[in-house]
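# predicted model and sequence below, questions to follow.
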Amino acid sequence: MRAPDPHRRTRPPSRRTLLLFALAVILPGFVLAVLGLVTLRQDRRLAEQQLRERRDTLADRAAAALEAELKRWGAALAASSPESTFEPGDLPAPLRSALERSDSTALFAAGRAGAATWPAHRLLYQIPASTERRAPTRTPSRALLAAERIELAERDLTRAAAAYRALLRTSDPTVHADVLVRLARTYRNAGRENLAASVYRDLERLAGTNADGVPVDLLAICALCVAAPDGKVRESCARRIFRDLVQGRWSLDRVWYWAYSEQVRRILDRQAGHDAEIDALAAGEAEKRSLTRAVEAIVEEGAVAGASSTRALSIDGRLFVALTASSADQMRGVVLSTSALSEYVWPVVFSAVLDEAALTLTDVSRTPLFTSGAGELSPTSDPRFATARLVHDAGFTWRIDVRLRHPDALLASFYRRQWLYMAMLAVTVASLVVGTMMTLRTVSRELAVARLKSQFVSAVSHEFRTPLTGIRHYGEMLLHDRVSTEDRKHHYYAQVVAAAERLSRLVEDVLDFARMEEGRQEYRLEPIETTAWLRQAAAEFQAALERDKRLEATIADDLPIVRGDRSALARAIHNLLDNAVKYSPGCDTIWLDAQAVESDLVVAVRDKGIGIPSDEQAHIFERFFRGHGVAASARGTGLGLSIVQHIVSAHGGTIDIESEPGQGTTVTMRLPRERPECAS
C-alpha cells in the first residue's frame, strides 16, 4: 500500500488558467447562440411579414373583384333601355345564375305605369307606380249600370237577372265577364245556387279580368269553392287556389292578392288545419312576400334620374341587397337575398381568394351580408393575420374582412427551419459544453499526472539516494580499513549487498512500469508449485526484514499449481509485503495467508497499520497515487500497487482490498489454477 504524504499533495490546476480557457471556448459559443437566436427572430419577422403581405394581397384582390363585379352589374343595368326585352340579357354570369336558380331574387323595371319583374311569377303581386289603389280598368256601360241599379238599389233580383241576361245577348263580348260576375251574384243572392254555379263555371272558362282588374277565372273558382256543399271539395279547391296564388298564376295587385290569400287560408284552417304541403306553401309565400316587399320599398323610394345606387334592406328578418340604375322615365334594378348571394354569387366573385382566406362581407354598420369559412377560424386567431378593406359603390359602403385560413400551414417552412436551427444550435452548444468539460477534465488530469510524475521523480531520487548513501558509507569504511573485526566487516558487506538489492528492485520497478505503460512487458509462463514457491518467497522476505519486524506466513500444503512468471509474481508478493511493513509503523507483525478457494490460489497480505480511507480506496491502484493525511516518513514511489495490479491482471487474476482507517488493511490476490490441458 502506498504511503500517505501530506507534503506532496496534488494541487488542482490554476483556477485562473482554467477560467481563461473556459471563457475562450464558452464565450464564442455564447456569441454563436445569441446570433442564432437573433437570426431566428429575424427569420420569424420575415415570415410574418410575408404572411401580412399575402393577407394584404388577398384583401386587395377581394376588394378589386367586388368592385369590378359591382361595376359590371351597374353597367349592365344602365345599358338596358325601356324598349329592350325585359330579361337578364347581358347581366354578369353570377348574377344571372342567381336570378335563374333562386326564388329570393328578382329583376325589375319601374316606370309611370308600374313595375314589371323577371321572372314574372317571382313576386306575389304586381307593384303599382304609387301606393294608391288602382282605379277600375273599365267604366261600366249605361245599360250595365241600369241593371246593377235594379239589383242593388231596387232589390228586384228577378228583373236584375233578366236585364243581365239581355246584356249578354246584346253587349260587347269584352264586357261579358263583368255581366256574368253580376249575374252569378244575383242568382246567389236570390238563393238559386245551381244557376249561380252554372254562371261561375262559364266564368271559369273565360280569360281576362273584371273592371277591378281581378282575373275572372280566379273570381269564379273562389266563388265555386266557397259555395261547395262538401267540406273535402272546399278543402281541395282551396288548396289548389292557394298553390296557384303562391306560384303566381294570376297577376294581382297587393290588395286583391291578400284578400284571396286570406280567404282560402281561412277555408284551409277550418277544413284541413296544417299539413306539410300547406306549411311548405306558407313558407314559400313568406319568402316571396319578403322579396316582393323589398322590390316594393325600392320602387316607392324612387331614384334620381341618371343615377345608380346600392342599398341593403332588412324585410321580415331577411336581408336583401338591391342595385338600381335610373333613366329619365324608368328605373331598373335587381334585388337579391343575402342567402342567394352567398350561394350563387359571392363564391364565384371571390373564388380567387376563398381557397386561402376566410372572408366576411358587411355593410358599413357591420351587418353581415356574407361569411365564408367562419367555422374554420378560432375566435382567438392572431389579428395580425386579418385585415379589412372598404369598397364604395353607388352610395353604399361594403366592408370586406379577410383572415388567413391556415397561417400555421403558411408558416410551416419557417417552423421547419426554426426546429432545424434550434437543433443545430443545441448540438453546437452541447458540443462546446461537452468538449469544454472533457478538455478541462483532460487538461486537469494531465496536469495532475504531470505533478504526480514530478513527485515520482522526487520520490525515486530520494529512494535511490538512501541505498546509494549506505553503499558509499559502508564502502568507505571498508576501503579505509576502519572496521576492526571480521564480524563487523561481514555485517558491512551484508549491508552493501542489501542496499544494492534494494536499488536493483527500484530500478526493476521503474523499468517494469515503463514496459507496462508501453505494452512491452513480457512474462515467462511456467507451472509453479505454489506451496514451495510461496514459502521460499516468505523466507527471503523474512530474512531481509529488520530485527524488530516479523512475518507470520500461513501457507497450506495442498495449494493448486498455477501457470505464471515466477519472478513477476514474486515481485508482486514482495511489493504487497513491503507495503504492509511500511504502513504498519506501530505494529511489528504482518501476515501472509495462502489457501485454495474453489480450486484457485488465494493469497492475502494483512496488516494492522494505519488503513486507507474509503474515498481513496478506488484510486489506490492508480499510478503515482499516494494517499493524503498519513505518515510523511513512509518511503515509496507510488508504483508498487500499480505494478502488482498489472502483474495479477496479466496472469488472469484479480486483486481486492479491504481497509478501515486505524484498523489495518487486507489485500487479496486471486490467481486461477493451471487447467489440465495446459499442464506440462
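Done, it's in. Residues are numbered from 1 along each chain as shown.
# doesn't L390 lie inside a helix?
No - checked against DSSP: H, G, I helix; E, B strand; the rest coil, L390 lies outside a helix; its state is strand.
# how many residues are close by it?
Neighbourhood size, L390 [other Cβ atoms under 10 Å]: 10. C-beta coordinates here come from the backbone N, C-alpha and C atoms, glycine included.
# then G586?
Neighbour number of G586 under other Cβ under 10 Å is 8.
# likewise the one 10 residues further on?
Other residues near A596 number 15, with proximity taken as other Cβ under 10 Å.
# OK, contacts around D600?
D600 is in contact with P560, R670, L671, P672, R673, counting by Cβ atoms under 8 Å, 6 or more residues apart in numbering.
# in this structure the first one contacts E674, no?
Okay, so that is P560. Yes - between P560 and E674 there is a contact under Cβ atoms under 8 Å: 7.4 Å.
# could you say which helix or strand holds the nearest residue to R318 once chain neighbours are set aside?
Once flanking residues are discounted, R318 sits nearest to S290: 4.6 Å by Cβ to Cβ, 6 or more residues apart in numbering. Per DSSP states H and E: S290 is located in helix 276-301.
# from the contact counts, what lies against that helix?
The helices and strands touching helix 276-301, judged by 3 or more Cβ pairs under 8 Å, 6 or more residues apart in numbering; DSSP states H and E, are strand 105-111, strand 114-118, helix 231-247, helix 254-271, strand 308-315, strand 318-326, strand 331-337.
# now do the longest helix along the chain: distance to the chain's middle.
Ranked by number of residues, the top helix in the chain under DSSP state H is helix 412-479. On the basis of Cα atoms, centre = their mean, to the nearest Å, helix 412-479 sits 49 Å off its chain's mean C-alpha point.
# packing partners for that helix?
Checking 3+ Cβ pairs under 8 Å, 6+ apart, helix 412-479 ends up next to helix 15-79, helix 486-518.
# what residues sit buried inside the helix or strand following the longest one?
I take that to be helix 15-79. Per DSSP H and E, helix 15-79 leads on to helix 93-101 as the next helix or strand towards the C-terminus. Using 16 or more other Cβ atoms under 10 Å as the test for burial, helix 93-101 gives P94, L95, R96, S97, A98, L99.
# and the angle for helix 93-101 with strand 105-111?
Here the directions of helix 93-101 and strand 105-111 differ by 90 degrees (axes from the mean of the first three to the mean of the last three Cα atoms, to 10 degrees).
# next, the angle from helix 93-101 to helix 15-79.
Computed by the same axes, to 10 degrees, the angle separating helix 93-101 from helix 15-79 equals 60 degrees.
# relative orientation of helix 93-101 and strand 318-326 in degrees?
Helix 93-101 runs at 120 degrees relative to strand 318-326, counting by the same axes, to 10 degrees.
# ok, and what's touching helix 93-101?
So helix 93-101 is in contact with 69, 73, 76, 88, 91, 105-107, 118-119, 334, 336, 340-341, 343-345, 348-349, going by Cβ under 8 Å, 6+ apart.
# where does the stretch 401-550 of the chain have low pLDDT?
409-411, 440, 447-449, 451-464, 509, 512-520 (pLDDT under 70).
# residues near D202, how many?
17.
# beta partners for F108?
Per DSSP bridges, the residues bridged to F108 are T117, G333.
# how's this structure carved up into domains?
51-128+306-408, 164-294, 522-678 (automatic domain parsing).
# first-to-last residue distance for the shortest one?
With Cα to Cα, to the nearest Å as the measure, domain 164-294 spans 43 Å from end to end.
# again, but for the longest one
For domain 51-128+306-408, the separation between the terminal residues is 10 Å (Cα to Cα).
# how far away from the center of its chain is that domain?
Computed by Cα atoms, centre = their mean, the separation of domain 51-128+306-408 from the middle of its chain amounts to 37 Å.
# then the second one?
Using Cα atoms, centre = their mean, we find the averaged C-alpha position of domain 164-294 to lie 67 Å away from the chain's own average C-alpha position.
# circling back to that earlier point, JSON lines for the helices and strands packed on helix 412-479, including distance to D275?
What follows is these, written out as JSON lines (distance: least, Cβ to Cβ, whole Å):
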{"stretch": "helix 15-79", "distance to D275": "41"}
{"stretch": "helix 486-518", "distance to D275": "108"}
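# V321 is nearest to which of the ones you listed?
Nearest to V321, of all these, is helix 15-79, at 10.1 Å by Cβ to Cβ.
# about what we covered before: give me the angle between the longest helix of the chain and helix 486-518.
In terms of direction (the same axes, to 10 degrees), helix 412-479 departs from helix 486-518 by 160 degrees.
# picking up where we left off before, distance of the residue nearest to R318 relative to I241?
For S290, the distance to I241 equals 22 Å [Cβ to Cβ, to the nearest Å].
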